[in-house]
Every structure is written in C-alpha cells, then in structure tokens.
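**Student:** A predicted structure for the sequence below; I have some questions about it.
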Amino acid sequence: MEVIQLGATPPPATPTRMVITAHPDDSEFTVAGTTALWVRDGYHVIYVICTDGSRGSNEPDMPPERLIPIRRAEQCEAASVLGVQTVIFLNHEDGTLEPTLQLRRELTGLIRSYRPDIVVCGDPTRYFNRNVYVNHPDHRAAGEAALYAIFPSACTRFLFRELLDEGLEPHKVHEIYLSGTLEPDTFVDITDTVDLKVRALQAHRSQVPPETVEARIRDWAGELGRKYGVAFAEEYRRIILR
C-alpha cells in the first residue's frame with residue numbers, strides 16, 4: 001500500500017468521502033465532477049486505487065514494470081486537478097483482481113481509519129455497458145470488495161478483529177454511491193466542474209489521447225444532463241444505510 005498526500009493534510013475534523021476504484025483513470029471517467037464538487041464544499045476526498053494499472057497498454061515497448069510509475073503519476077496529476085487530497089494505491093496486479101478477503105480487509109481498514117460518510121464504488125452487478133463493452137472484471141471485483149468492506153466488515157466490531165489491535169474502531173458509512181450502474185436513481189449536476197473533469201482525464205495520457213477527451217466527456221455528461229434537465233451530470237444508484 002502506498003499513500004500519497006497531495007498538499008497539506010486536512011485537519012482531523014474535516015468531513016471525509018472516499019472513492020474506491022480498480023484502476024487509475026476509473027474515477028476520472030465516472031465520478032470526477034462529483035468529487036470536484038465535494039472538494040469545493042470542504043470535504044477531504046480520498047481516492048483508493050486497487051490495482052497498479054500495469055496492463056493498461058498493448059504496446060510492445062510498454063511492459064508492465066514501465067507502465068506502473070507512469071500511471072501512478074498520471075493519477076496523482078489528475079487528482080491534483082480536482083483538488084483530491086489523498087490517493088492510496090493498493091498495488092494489486094492489474095487484470096487479475098478478485099474480491100478476496102485480503103482485499104476486503106484492506107478496504108475495511110481504510111474505511112475504519114478515514115471514517116467517510118459516503119463511499120463511491122462501481123456497481124459489481126454490471127456485466128455490460130451500453131451493449132458495446134464488457135465491463136472489466138477488475139471493476140466488478142473492486143466494487144464487490146468495497147461493498148462488503150462497508151457492510152458488514154467496517155461496522156462489525158469482531159470482523160477482522162486484528163484491526164482493533166491497530167486501533168481501528170468500527171465505523172458505519174452513511175451512504176454508498178454506485179457508479180456505472182444500470183439502475184441509477186440519483187444524479188449530481190456537474191455543470192460547474194465538467195471542465196475540471198475534462199482536465200483531470202486529460203492527465204491520463206497513456207490511456208486516452210488528450211485532444212479527444214473534451215468532446216467525449218461533454219457528449220457523455222451532456223447526454224446525462226439532458227436526462228435530468230441540467231447541462232452536465234453524473235449519475236449513481238444511492239444506497240442509504242440505516
């Protein structure tokens with residue numbers, strides 16, 4: 001695990017929100033406009049990246065060991081654009097992530113440590129996107145592990161009881177935002193932050209040509225915006241834990 005603090009550490013009382021994804025760039029494609037709004041509203045936003053991103057190229061001259069530091073740097077640059085203060089890399093191997101007890105324990109420890117009120121993760125039930133894309137198994141694995149880390153693990157005292165020895169008391173997350181869901185019921189108006197979303201995604205130069213990003217994002221976010229009566233939007237399935 002590697003924790004990168006971008007800028008000053010927020011004061012202990014700062015309210016916290018956490019975004020858990022599989023790969024560098026996943027958050028920029030899905031939730032960057034929302035996280036930029038949360039930063040603007042004073043939240044300490046934490047990105048947790050489960051894999052090392054090492055299989056994100058098919059170029060013969062870009063082996064995994066060369067790509068890892070590139071993608072880590074791109075993710076930190078993108079987070080800085082949005083104002084995200086903390087980026088945590090779990091460094092599991094890209095392409096073979098599974099929702100193991102080890103991964104769930106790691107995420108449970110982070111949730112108990114940072115104590116977010118909202119956690120964002122991918123919807124693990126989505127196998128296909130728009131009938132043109134098979135959802136990456138890493139996305140589903142990260143989403144499943146995140147959900148079970150939130151409940152029951154983070155809020156149940158004697159699950160992963162060794163965490164108590166580390167001083168990590170149980171914590172109950174109030175809400176979950178599932179991104180990439182087929183059953184959205186909540187939207188966030190990102191009209192004020194869509195430009196930051198574009199700039200953040202442009203930082204992932206190893207994955208997307210920067211010159212093509214703006215049109216793609218404005219098209220996608222604009223389509224969602226029209227659905228909800230705003231200029232640009234991101235959408236989620238919202239789970240309120242009672």
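**Tutor:** Perfect, thanks for sending it.
**Student:** show me how far the helix or strand of the chain with the lowest mean pLDDT is from its chain's centre.
**Tutor:** Within the chain, no helix or strand scores below strand 128-129, which has a mean of 82 by mean pLDDT, DSSP states H and E. Averaging C-alpha positions (CA atoms, centre = their mean, to the nearest Å) puts strand 128-129 18 Å from its chain's average.
**Student:** helices of the protein, residue ranges please.
**Tutor:** 26-30, 32-40, 64-82, 101-114, 137-148, 162-165, 194-202, 210-228 (DSSP state H).
**Student:** what lies in contact with the first one?
**Tutor:** Taking contacts as CB atoms under 8 Å, 6 or more residues apart in numbering, the residues outside helix 26-30 that touch it are 19, 21, 35, 47, 49, 78, 122, 139, 179-180, 197, 200-201, 203-204, 234. All C-beta atoms are positioned from the backbone trio N, CA, C, and that covers glycine.
**Student:** would you mark the buried spots in that helix?
**Tutor:** Using 16 or more other CB atoms under 10 Å as the test for burial, helix 26-30 gives 26, 27, 28, 29, 30.
**Student:** now that helix: mean pLDDT?
**Tutor:** The average pLDDT for helix 26-30 rounds to 96.
**Student:** could you do the shortest one as well?
**Tutor:** The predicted model gives helix 162-165 an average pLDDT of 97.
**Student:** next, the buried residues of it.
**Tutor:** Under 16+ other CB under 10 Å, the buried positions of helix 162-165 are residue 163.
**Student:** what's the pLDDT at the closest residue in space to residue 35 that isn't next to it in sequence?
**Tutor:** Nearest non-adjacent residue to residue 35, counting by CB to CB, 6 or more residues apart in numbering: residue 45, 5.1 Å away. Per-residue confidence for residue 45 comes out at a pLDDT of 97.
**Student:** what is the burial count for residue 45?
**Tutor:** Counted with other CB atoms under 10 Å, residues neighbouring residue 45 total 28.
**Student:** coming back round to it: now the helices of the chain in a markdown table, with distance to residue 239?
**Tutor:** Output for the helices of the chain, formatted as a markdown table (distance: least, CB to CB, whole Å):
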| stretch | distance to residue 239 |
| --- | --- |
| helix 26-30 | 16 |
| helix 32-40 | 15 |
| helix 64-82 | 24 |
| helix 101-114 | 15 |
| helix 137-148 | 9 |
| helix 162-165 | 23 |
| helix 194-202 | 23 |
| helix 210-228 | 19 |
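**Student:** out of those helices, nearest to residue 88?
**Tutor:** helix 101-114 (6.6 Å; CB to CB).
**Student:** for the closest one, packing partners?
**Tutor:** Under the contact criterion of 3 or more CB pairs under 8 Å, 6 or more residues apart in numbering; DSSP states H and E, helix 101-114 touches strand 16-21, strand 44-51, strand 86-92, helix 137-148, helix 162-165.
**Student:** dump those into CSV; add distance to residue 213 as well.
**Tutor:** Shown next, in CSV, are those (distance: least, CB to CB, whole Å):
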stretch, distance to residue 213
strand 16-21, 18
strand 44-51, 19
strand 86-92, 20
helix 137-148, 20
helix 162-165, 40
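**Student:** tell me which of those lies nearest to residue 175.
**Tutor:** Checking the helices and strands packed on helix 101-114 against residue 175 by CB to CB gives strand 16-21 as the closest, at 9.4 Å.
**Student:** enumerate the positions of that closest one that are buried.
**Tutor:** 16, 17, 18, 19, 20, 21.
**Student:** among those residues, which one sits closest to residue 82?
**Tutor:** Ranked by distance to residue 82 (CB to CB), the buried residues of strand 16-21 are led by residue 19 at 10.2 Å.
**Student:** identify whichever of the helices and strands packed on helix 101-114 lies nearest to residue 174.
**Tutor:** Of all those, strand 16-21 comes closest under CB to CB, at 10.2 Å.
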